[in-house]
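>>> after the sequence you'll find the predicted model.
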Amino acid sequence: MLPDIHKLFDDSDSSQQETIGELLSGNQFKLEHIISRGQASSNDFWYDQDLAEWVALISGQATLIFEDGTLDLVAGDSLVIPAHQKHRVSSTSDDAVWLALHFTQGLSQQTSPIDSS
């Protein structure tokens, strides 16, 4: 049996709703594919997640707000949000596509040799 193919840039959904799909999961992780179409968190909402989250924006633009400030993301940007670091999505472009890996904090994190900071 052949493996399933997942379309990361699928634009067949004309509803303009944000779609979140689980690509893969295990005992200590969950990998999600998210297509945002201009969605944002409500102003009174904060994510406060039990797991750390590696987020990669693979298409479009987005702005994340943290208690300590704001980060503007463009396609190709990624970051790790530690467990329980409050944040919300301030804005996304109509073509924002994300990969989000939720994982147990104890897993190791490597810094890319092409770190822009």
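Sure, I can see it.
>>> output the below-cut-off pLDDT ranges for this protein.
Regions of the chain meeting the criterion pLDDT under 70 cover residues 11-14, 107-117.
>>> which residues in it form strands?
With DSSP state E applied, the chain shows strands at 19-25, 29-36, 52-59, 61-66, 69-74, 78-81, 87-92, 96-103, listed in chain order.
>>> can you say which of the ones you listed is nearest to residue 44?
The minimum distance between residue 44 and those falls on strand 87-92, with 9.3 Å, by C-beta to C-beta. (Glycine included, C-beta is placed from N, CA and C.)
>>> contacts for that closest one?
36-41, 45-47, 60-67, 70, 81 (C-beta atoms under 8 Å, 6 or more residues apart in numbering).
>>> just the buried ones among those residues, please.
Among the contacts of strand 87-92, those buried by neighbour count (16 or more other C-beta atoms under 10 Å) are 36, 37, 39, 40, 60, 61, 62, 64, 65, 81.
>>> pick out the most distant pair among those residues.
Every pair of the buried ones among the contacts of strand 87-92 checked by C-beta to C-beta; the farthest is 37 and 81, at 21.9 Å.
>>> burial measure for the closest residue to residue 67 other than its chain neighbours, as a count.
The shortest distance from residue 67 to any non-neighbouring residue, by C-beta to C-beta, 6 or more residues apart in numbering, is to residue 86 (5.3 Å). Using other C-beta atoms under 10 Å, residue 86 has 14 neighbouring residues.
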